[in-house]
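1. need a structure here:
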Amino acid sequence: MNSASSGVRKTACVRIGGALAAFSLLFALPQAANAARQNNDVPAWLDSHVGDGPNQIAWPVLKRARALYMQRVAEGKVKNACYFAMDATKPNDPGDGKTGGRFYIVCEAAQSFEAMSAGHGSGKNLGGVADFSNGRTCARNFGNALDSNLTMGGSYLTSEIKTSFKGYYKASGGAQAAYLRSFLQFDGEGETANARQRAIGGHAAAKVGGICMMKNASSPYANKEGYVPFGSLITYAGGRSDGCTSWSPADASEVIGKVKDNPTTLYIYPESKDIEAVAKAAAAKAPLVNTGLYWNDDCLKAIGKPKFWAKAQLEPVIEKYKADHPPLPAKPIPICN
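-> Below you'll find the model as predicted:
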């Protein structure tokens with residue numbers, strides 16, 4: 001069970017002058033959490049999806065996602081009946097062969113709630129200079145620097161959808177199929193304001209790998225010599241991204257379909273203020289249940305403490321590294337046998 005904000009659904013063994021006080025604390029924290037939700041008009045059906053269990057949404061994440069959505073609806077910027085949220089502090093791959101549910105679609109009018117997997121930014125390891133890389137399961141590093149491949153928490157609006165050809169692959173039955181992947185652009189504000197500049201959005205966690213060039217002059221995607229890229233279709237729903245939000249192909253179709261010509265809000269947790277506060281508490285070995293902060297327990301144990309890399313800090317480091325390590329000339333893609 002995770003350490004939810006303000007002690008939601010979890011009370012540590014805190015000794016406050018004897019068993020009676022401890023019992024009172026155990027009883028009071030869930031009551032206070034429920035009162036807070038009632039004060040924010042969270043409907044009862046949605047409250048049942050709030051918590052630290054599998055496919056549940058932590059209260060701080062839902063609270064901010066709802067507030068963002070309602071604000072944009074009031075401003076007339078959003079008319080969609082659904083909104084999105086993501087908890088990037090949760091594990092994406094629990095290690096049991098299943099992907100973790102940490103991206104949420106909430107449609108309150110229809111009383112619909114869905115949790116699905118979503119990849120986080122891989123980050124990078126600039127050998128000997130800076131290491132802001134992330135593992136597959138839990139993200140430790142977050143940031144908004146260009147070319148950092150990091151996830152940035154905060155407020156977004158979904159925008160246009162771009163579909164591009166990624167190559168041919170051998171489909172079931174041996175037929176060759178063209179893989180077209182749709183990319184949902186996000187627009188941000190504040191610390192996420194450079195989302196478009198960073199090409200941050202959402203897409204299926206799939207690609208065509210092991211590419212060679214295949215002769216297919218009749219293809220609309222053929223180059224001037226009549227060749228097209230051909231390879232194997234690879235899905236990585238339990239993996240990482242270049243800083244975007246990535247879903248399984250089936251989930252990507254559902255998510256993108258909900259916002260086609262009908263934008264909505266996406267709130268990604270955590271923001272820089274959350275990361276810095278949790279890092280400070282972790283360094284002081286202060287249990288989050290006593291601080292009012294939130295982070296997924298399993299991932300906090302795995303990463304020790306999170307770190308936020310601000311663009312002003314990291315972008316000069318990345319630019320200097322690229323200048324000192326220019327890319328090697330690209331090798332020609334081989335012709336398919």
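
2. Now the residue nearest to residue 303 when sequence neighbours are not counted. Its backbone dihedrals?
-> Leaving aside its chain neighbours, residue 303 sits nearest to residue 140 (3.9 Å; criterion: C-beta to C-beta, 6 or more residues apart in numbering). For the C-beta atoms, the positions are set from N, CA and C on the backbone; glycine is no exception. Backbone geometry at residue 140, expressed as degrees, to the nearest 10, gives phi -100, psi -40.

3. again with residue 72
-> Torsion angles, degrees, to the nearest 10, at residue 72: phi -70, psi -30.

4. So it sits against residue 78, correct?
-> Yes. Counting by C-beta atoms under 8 Å, residue 78 is a contact partner of residue 72 at 4.2 Å.

5. circling back: mind listing what the residue nearest to residue 303 touches?
-> 134, 303-307 (C-beta atoms under 8 Å, 6 or more residues apart in numbering).

6. Buried ones only from the residues you listed, please, as a ChimeraX command.
-> Here is the ChimeraX command that selects the buried residues among these (16 or more other C-beta atoms under 10 Å):
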select :134,303,306
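
7. In a markdown table, list the contacts of residue 140 along with secondary structure and distance to residue 249.
-> Shown next, in a markdown table, are the contacts of residue 140 (DSSP: H, G, I helix; E, B strand; the rest coil; distance: C-beta to C-beta, whole Å):
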| residue | secondary structure | distance to residue 249 |
| --- | --- | --- |
| 134 | coil | 22 |
| 303 | helix | 29 |
| 304 | coil | 34 |
| 305 | coil | 34 |
| 306 | coil | 30 |
| 307 | strand | 32 |
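
8. From the contacts of residue 140, pick the one nearest residue 277.
-> residue 306 (9.9 Å; C-beta to C-beta).

9. which element is the closest residue to that closest one other than its chain neighbours on?
-> Among residues not flanking residue 306 along the chain, residue 275 sits closest, at 4.8 Å (C-beta to C-beta, 6+ apart). Applying DSSP states H and E as the criterion places residue 275 in helix 272-283.

10. so which helix or strand takes in residue 318?
-> helix 311-324.

11. Residue 72 and residue 78: who's more crowded?
-> Neighbours were tallied for residue 72 and for residue 78 using other C-beta atoms under 10 Å; the higher tally belongs to residue 78 (22 against 19).

12. Could you report the pLDDT at that one?
-> Predicted confidence (pLDDT) at residue 78: the value is 98.

13. just residue 291 next, same as before
-> For residue 291, pLDDT reads 84.

14. same check, this time on residue 236
-> 87.

15. One more: residue 36?
-> 43.

16. Can you show me the CA trace of stretch 196-211 as PDB?
-> Taking Å, rounded to 0.1, in the frame of the first residue of the first chain, the C-alpha atoms of stretch 196-211 are listed here in PDB:
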ATOM      1  CA  ARG A 196       5.500  21.500 -28.000                       C
ATOM      2  CA  GLN A 197       9.100  22.500 -28.400                       C
ATOM      3  CA  ARG A 198      10.100  19.200 -26.700                       C
ATOM      4  CA  ALA A 199       7.700  17.300 -29.000                       C
ATOM      5  CA  ILE A 200       5.900  16.000 -25.900                       C
ATOM      6  CA  GLY A 201       2.700  14.100 -26.400                       C
ATOM      7  CA  GLY A 202       1.200  10.600 -26.300                       C
ATOM      8  CA  HIS A 203       1.500   7.700 -28.700                       C
ATOM      9  CA  ALA A 204       1.500   3.900 -28.900                       C
ATOM     10  CA  ALA A 205       4.400   2.100 -27.300                       C
ATOM     11  CA  ALA A 206       5.300   0.400 -30.600                       C
ATOM     12  CA  LYS A 207       7.800   0.800 -33.400                       C
ATOM     13  CA  VAL A 208       9.200  -1.000 -36.400                       C
ATOM     14  CA  GLY A 209      12.700  -2.200 -35.500                       C
ATOM     15  CA  GLY A 210      15.500  -4.100 -37.200                       C
ATOM     16  CA  ILE A 211      14.900  -2.200 -40.400                       C
END
